[in-house]
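> Mind folding the following:
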Amino acid sequence: MSDTGDPEAVVKRADAVASEPVDAAEGLSKAVLLDESDGAPNFAMRRFELAAGAEVPRHTNAVEHEQYVLSGEYVVGIGDEEHRVSPGDALLIPAGVEHWYRNAGDEPGAFICAVPNGDDTIELVG
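The predicted model follows:
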């Protein structure tokens, strides 16, 4: 932030962003692209990769998620519905709604996920 309290522009290069495994799901990794630590005042933007054959268990989050599919084809369960997604698809997962992921394909899937800054409570379901 500048001395006036206004956020400053940030350009973060790909080689400055590390991807790390996500504990809750085998085969899921996350890279934080921008968040509060970069001066982003409202949202965090992350890049997730879902390995071929990986599944993320059914869970809820306290905050909404907006996602944009970058690569691969995989299934996202939202509530009681399954959606096969592919590059260019966008999703809104409202706060508190059960969701999960399954990549039954041979290629990894990748997506951008934006969430509001602040605390998020993740609860596994079932």
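> what's the residue closest to the geometric middle of the chain?
residue 113 (3.4 Å; CA atoms, centre = their mean).
> Now do the SS call for that one.
Three-state call for residue 113 (DSSP: H, G, I helix; E, B strand; the rest coil): strand.
> Could you do residue 20 as well?
strand.
> from what I can see it touches residue 30, true?
Yes: Residue 20 sits in contact with residue 30 when judged by CB atoms under 8 Å, with a separation of 6.2 Å. Placement of C-beta: from N, CA and C, glycine included.
> Neighbour count: the two, which is higher?
residue 30 (15 against 9; other CB atoms under 10 Å).
> Which pLDDT value goes with that one?
pLDDT recorded at residue 30 is 97.
> Show me what it bridges to in the sheet.
Judged by DSSP bridges, the bridge partners of residue 30 are residue 20, residue 48.
> For it, give me its contacts.
By CB atoms under 8 Å, 6 or more residues apart in numbering, residue 30 lies in contact with 19, 20, 22, 46, 47, 48.
> Look up how far residue 107 lies from it.
19 Å (CB to CB, to the nearest Å).
> what's the lowest-pLDDT member of the contacts of residue 30?
Among the contacts of residue 30, residue 22 has the weakest pLDDT, 93.
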